[in-house]
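In: here's a sequence, model it:
(one chain, ligands or ions: 1)
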Amino acid sequence: MASYLSTQRGKPLLKYLNYYYIVHYAKKDIEYWRCRLRPCSGRLKIQNEIVTVTTAHNGHELTAIDHEVVKCDHELRNITPNAEIWHPSTIVSEVLQKLSLESRPSMSSDIALRNRLQRIKRKRYPESIPKTREEIDIPEHLKLDFRGKKKNEKENKKIM
Ligand SMILES: [Zn+2]
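Out: Modelled structure (predicted):
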């Protein structure tokens, strides 16, 4: 099935069998489309809603969008922030900004990407995860008991 999309610049884009085409020209009632990747000679025509591939693609396996997604994915995987304090969400949004609008739907969801980075972070900086109760920095207001009274150190340890 062919689906009509539009490029980031608003030009018509056609997706057919995992390849992306841009309009080449139209003659009478026939639309001619050419592969989005230059200099590939992949061509198709549409007449009465029937799609015919007229020229095969030049052996490129990935579409332009595939390439972009793969590149973005690679970038996320190989991210090497040099500090322990970095936020997966910030990195994900920075990397995703480089993706074109057409490629965005082919990429994993923000949440999935953030979770993946979180796992990378934990693996790389296991010391950033508190190992003991003492290392957990509890905000003062949470140190109160249910009556709103402040617990002393000894009681706190017993309760946790
Ligand atoms: Zn092509």
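In: distance of the residue positioned nearest the centre of the chain from the ion?
Out: Residue closest to the mean C-alpha point of the chain, counted by Cα atoms, centre = their mean, is Met107 at 4.0 Å. Counting by Cβ to the ion, to the nearest Å, the gap between Met107 and the ion amounts to 21 Å. C-beta here means a position set from N, CA and C on the backbone, and glycine is covered the same way.
In: confirm for me that that residue is in contact with Val69.
Out: Yes: counting by Cβ atoms under 8 Å, Met107 touches Val69, with 5.4 Å between them.
In: shared neighbours of the two, anything?
Out: Leu99 (Cβ atoms under 8 Å, 6 or more residues apart in numbering).
In: so which residues of this protein form strands?
Out: Assignment of strands within the chain using DSSP state E yields the ranges 2-6, 12-16, 19-27, 30-35, 43-47, 50-55.
In: what angle do the fifth one and strand 50-55 make?
Out: Angular relation of strand 43-47 and strand 50-55 on a 0 to 180 degree scale: 160 degrees, by axes from the mean of the first three to the mean of the last three Cα atoms, to 10 degrees.
In: now the helices for the chain?
Out: 64-77, 88-96, 110-124, 153-159 (DSSP state H).
In: between these, which gets nearest to Leu44?
Out: Nearest of the helices of the chain to Leu44, taken as Cβ to Cβ: helix 64-77 at 16.0 Å.
In: tell me the average confidence for that closest one?
Out: Mean pLDDT, helix 64-77: 77.
In: run through who's touching it.
Out: If you take Cβ under 8 Å, 6+ apart as the criterion, helix 64-77 is touched by 18, 20, 36-37, 62, 91-92, 95-96, 98-100, 102-103, 106-108, 113, 116-117, 120.
In: so which residues on this protein come close to the ion?
Out: Contact residues, the chain versus the ion (Cβ under 5 Å from the ion): Cys35, Leu37, Cys40, Gly42, His57.
In: switch the cut-off to 8 Å
Out: Tyr19, Cys35, Arg36, Leu37, Cys40, Ser41, Gly42, His57, Asn58, His60, Thr63 (Cβ under 8 Å from the ion).
In: I appreciate the help and will end here.
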